[in-house]
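# Kindly generate the corresponding structure for this input.
(one chain, ligands or ions: 1)
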Amino acid sequence: MAELLFPAPEVRTVPVEGTEALYPVHRIFCVGRNYAAHAAEMGAEVDREAPFYFTKSLSALALSGQVQPYPPGTSDYHHEVELAVALGAGGFRVSVDEAGAMVFGYAAALDMTRRDLQARAKDKRRPWDLGKDVEGSAVLAPLTRADDFAPGTQRIHLAVNGETRQDGRLDEMVHSVPEIIADLSLYYHLRAGDVILTGTPAGVGSVTPGDRLTGGVEGLQPISLTLGPAL
Ligand code: MN
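Residues are numbered from 1 along each chain as shown. Below is the predicted model:
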């Protein structure tokens, strides 16, 4: 094999509850506007026909419990607590019925967002990347295997410095996990290692350096994030 010019990108992994084995992440997909009350607070409506997506680079991945710097280029960094779905098998053009078997596990997640840059992008009809694909902005708690968790009516919640900001239930999701996987598989050859953040309930808001975010999804490992000084 030819020598590499510089070190290859490192494999990025997430812990899995009950095992020493690590889950290697391939891609991070995110669903937009999957809770009607959150869509409304953003001045938008849910598209009930189909979900829509944006992506985050692997370099956006961060693990729960870390301190992440307040990112550059924003003065309105927002929290969004979400259910993450981690695929353990691939699929292309799968049916909703087939999609469930592709799930390896679930985790609480944060889709941290430069809201001011996302709003500017919307105004100018530009892509959302600067608002969404932020280094350290895709925070994942340890995964729980699908054998031990099935999305239902569980509470999904987030507090900032101990004060509850987001408090919803997973059955408020407009597009279910199997529906999302089946739809996404129309556009991508999904594979093990692909992680999907499934959208946030209402109550998103701004955080500042020094804030501590804590929350989770009932039945899954809790998630936390501390914001360090601005870069
Ligand atoms: Mn989100």
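# hey, where'd the helices end up in this protein?
36-41, 96-99, 115-123, 129-132, 177-184 (DSSP state H).
# Going by neighbour count, which residues in the last one are buried?
The reference is to helix 177-184. By 16 or more other C-beta atoms under 10 Å, the buried positions in helix 177-184 come out as 177-178, 180-184. Placement of C-beta: from N, CA and C, glycine included.
# Return the closest of these with respect to the ion.
Ile180 (12.7 Å; C-beta to the ion).
# The ion contacts on the chain?
80, 111, 200 (C-beta under 5 Å from the ion).
# Spatially nearest residue to the residue in the chain that the ion sits nearest to (excluding sequence neighbours)?
Proximity of the chain to the ion (C-beta to the ion) peaks at Asp111, 3.5 Å away. Counting by C-beta to C-beta, 6 or more residues apart in numbering, Asp111 lies nearest to Glu80, which is 4.2 Å off, once chain neighbours are set aside.
# And for Ala159?
Leaving aside its sequence neighbours, Ala159 sits nearest to Thr214 (C-beta to C-beta, 6+ apart; 5.3 Å).
# How many residues are close by that neighbour?
Using other C-beta atoms under 10 Å, Thr214 is surrounded by 18 other residues.
# pretty sure it contacts Leu158?
Yes. When contacts are counted by C-beta atoms under 8 Å, Thr214 is listed as touching Leu158 (7.4 Å).
# Relative to the whole chain's centre, how far out is the helix-or-strand element of the chain with minimal mean pLDDT?
Ranked by mean pLDDT, DSSP states H and E, the weakest helix or strand in the chain is helix 36-41, scoring a mean of 91. Relative to its chain's centre, helix 36-41 lies at 17 Å (C-alpha atoms, centre = their mean, to the nearest Å).
# begin at 20 from here
Happy to do that; since the first residue is 20 now, the last one works out to helix 55-60.
# That's all I had, so thanks and see you.
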